[in-house]
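Novice: have a look at this prediction, sequence included:
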Amino acid sequence: EDTANHYSARDADLTYRIYPKLRAMLKSNGLTGAYKLDLSVIPWAAEMQRNGMRINVPKMRALSKRFQREQRDIAHQLRGLTGCYINPGSGDQVADLLFGARGLSFTEDDAREITPHFSLELSHEKRTSSGKRAATDEKVLEGLKLKYAEREDVTAIVQHILDYRTRQKLDSFAVKLSSMVDSASRVHTRLKLTTAATYRLASADPNLQNIPIRNKGGADLGRLIRECFEAPDGWCLGSADYSQVELRVLAALSGDDSLLEAFRTGLDPHVLGASRAWRIPYEEIDLGRRTNKKYKDMRDSAKNLNFGIVFGITPRGLQAQMELRGLHYTLDQCADLIRMWIHETFPGIGQYIAEVHAEAKQHGFVRSFGGHVRHCPGVWSLIPQVREEALRQAVNFTIQCTAAEIMKHGIGAGWQHGKRILDDAGALMLMSVHDELLTEQPDTDEAKDLVALAVETYMTDPIQLPNGVKIETDIKFAPDWGTLKAA
């Protein structure tokens, strides 16, 4: 006890002594505002951790058994395709299956046995960090599907491996969640404020932000997991979502006339981009996309480009995103689309990217709208890949971090100024997932109206962005999280 007292006293004393120096450093570096914003997150983040999210444990366990059954079925189907049994979760065995001996380089001291069997003998482009075998992670496998798209045997085998691993990952997650609930069947994640490079809130133990959204292998597996997050009887979940916040931030920071006009007039920015890129009237695409696959594909391509630009997408990354939507583009076509998008379709975006690159190269760091800083010394690297990645991260940071700041301001205002309304509704704040706030409230019109009032009053447009861009919120209610995402 004396040791603990001595340690805690020294810790408090040293913190007190160093505080004036740190405060002066924050001020001299223009970080005081960012620091105060992050500090204001602590009370409502702590409340979310205490409240937790309720899980239907029997339903989650039944889902786990389903994933295990499907893993066995997929392994059996894979054996039919290859003529031999492998464990699709084993990197060594998958490397041997896909790349053969060229994918492996073990010494006699390695305690690994790879039984010789059928191999596709594909060429590999990346090895693991140890260098002992070819990499077989999801990104590599998706790349193989694109590279060997004309070989049905390759794409079928690779897709089975991906399907198996997706279910294996989700099964592990389901088992973990089921074991972490308290006596009220609630799971309490830890919200980490200083982990993400973009200053978004991160979730850990368990990570509730890592549940996949997009359908994979024809099954919406992430939705099945989310459906197990249920409100108690007589209650419902609510989702307050910032509508297209990254694109709105991009419009505000870039000042692109077309993108600004879209948000001012209520036009669909994806349809507008498709209209400008393929020189087809806006109305023709907007009406046609509901019944005509050609127009739907145009909007989907535009959506991939819009959000891809936010994340600094590469031609290969865009190609992979297009494939997930069933759209087939070559790498050259994807590179041409990106160039056209930022220089012709929305030229203001191209100018903004150039300005951020110049700032990063001059100072070695960039700032978000709210004053957070990301250092990017890689922009001075002589290695092209390192330099290009640092520039991509710099642009991404200015947009993603500003979106995170909007979320913090919005939830903070809702918690601080709208708390009386939320308390009158009997509502609980449960979780912040990217641009979404999850709540739990009685399933009555009165309670839902009060929550919607608090969201509309305090979360909508929480900060004043440049160029008059407004931040809007969408609020919806459902009995479980999966239904909320599908609504």
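Specialist: Sure thing, it's come through.
Novice: quick one: the strands in the stretch 351-487 of the chain?
Specialist: 365-367, 373-375, 428-433, 436-442, 473-478 (DSSP state E, counting those that start in this stretch).
Novice: and the first one, what does it pack against?
Specialist: Applying 3 or more CB pairs under 8 Å, 6 or more residues apart in numbering; DSSP states H and E, we find strand 365-367 packed against helix 347-363, strand 373-375, helix 384-416. C-beta: built from backbone N, CA, C; applies to glycine.
Novice: output the contacting helices and strands for the shortest one.
Specialist: Strand 373-375 sits against strand 365-367, helix 384-416, with contacts defined as 3+ CB pairs under 8 Å, 6+ apart.
Novice: would you check that R264 makes contact with N467?
Specialist: No - in this structure, R264 is not within contact of N467 by CB atoms under 8 Å, at 9.4 Å.
Novice: who has more neighbours, those two?
Specialist: Neighbours per residue (other CB atoms under 10 Å) separate R264 from N467, with N467 holding more: 16 against 13.
Novice: got any ranges where this structure has weak pLDDT?
Specialist: Applying pLDDT under 70 to the chain flags residues 1, 101-117, 213-219, 324-326.
Novice: try 80
Specialist: 1-2, 101-118, 124-125, 129-132, 146, 149, 212-220, 309-312, 320-328, 486-487 (pLDDT under 80).
Novice: what number of residues lie near the closest residue to D38 other than its chain neighbours?
Specialist: Spatial nearest neighbour of D38, excluding adjacent residues (CB to CB, 6 or more residues apart in numbering): L193 at 5.9 Å. Other residues within reach of L193, judged by other CB under 10 Å, total 15.
Novice: so what's L193 up against?
Specialist: Residues near L193 by CB atoms under 8 Å, 6 or more residues apart in numbering: D38, V41, I42, A45, L201, A202.
Novice: distance check, it against L437.
Specialist: Distance, L193 to L437, using CB to CB, to the nearest Å: 16 Å.
Novice: same check on L22?
Specialist: Remark: distance between L22 and L437 (CB to CB) = 31 Å.
Novice: give me the more crowded residue out of the two.
Specialist: Comparing L22 with L437 by other CB under 10 Å, the one with more neighbours is L437, at 25 against 11.
Novice: show me what that one is bridged to.
Specialist: As for beta bridges, L437 partners with A240, S432 under DSSP bridges.
Novice: didn't it look like it was pressed against P462?
Specialist: No - using CB under 8 Å, L437 is not in contact with P462; the gap is 11.8 Å.
Novice: intersection of neighbour lists for those two?
Specialist: With contacts defined as CB under 8 Å, 6+ apart, the residues shared by L437 and P462 are G410.
Novice: could you dump the helices and strands packed on strand 365-367 to TSV with mean neighbour count and distance to F229?
Specialist: What follows is the helices and strands packed on strand 365-367, written out as TSV (neighbours: other CB atoms under 10 Å; distance: least, CB to CB, whole Å):
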stretch	mean neighbour count	distance to F229
helix 347-363	17	36
strand 373-375	17	33
helix 384-416	21	19
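Novice: please name whichever of those is nearest to A174.
Specialist: With CB to CB, the closest approach to A174 among the helices and strands packed on strand 365-367 belongs to helix 384-416: 27.7 Å.
Novice: mind putting the helices and strands packed on strand 365-367 into JSON lines with distance to H76?
Specialist: Formatted as JSON lines, the helices and strands packed on strand 365-367 follow (distance: least, CB to CB, whole Å):
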{"stretch": "helix 347-363", "distance to H76": "49"}
{"stretch": "strand 373-375", "distance to H76": "48"}
{"stretch": "helix 384-416", "distance to H76": "41"}
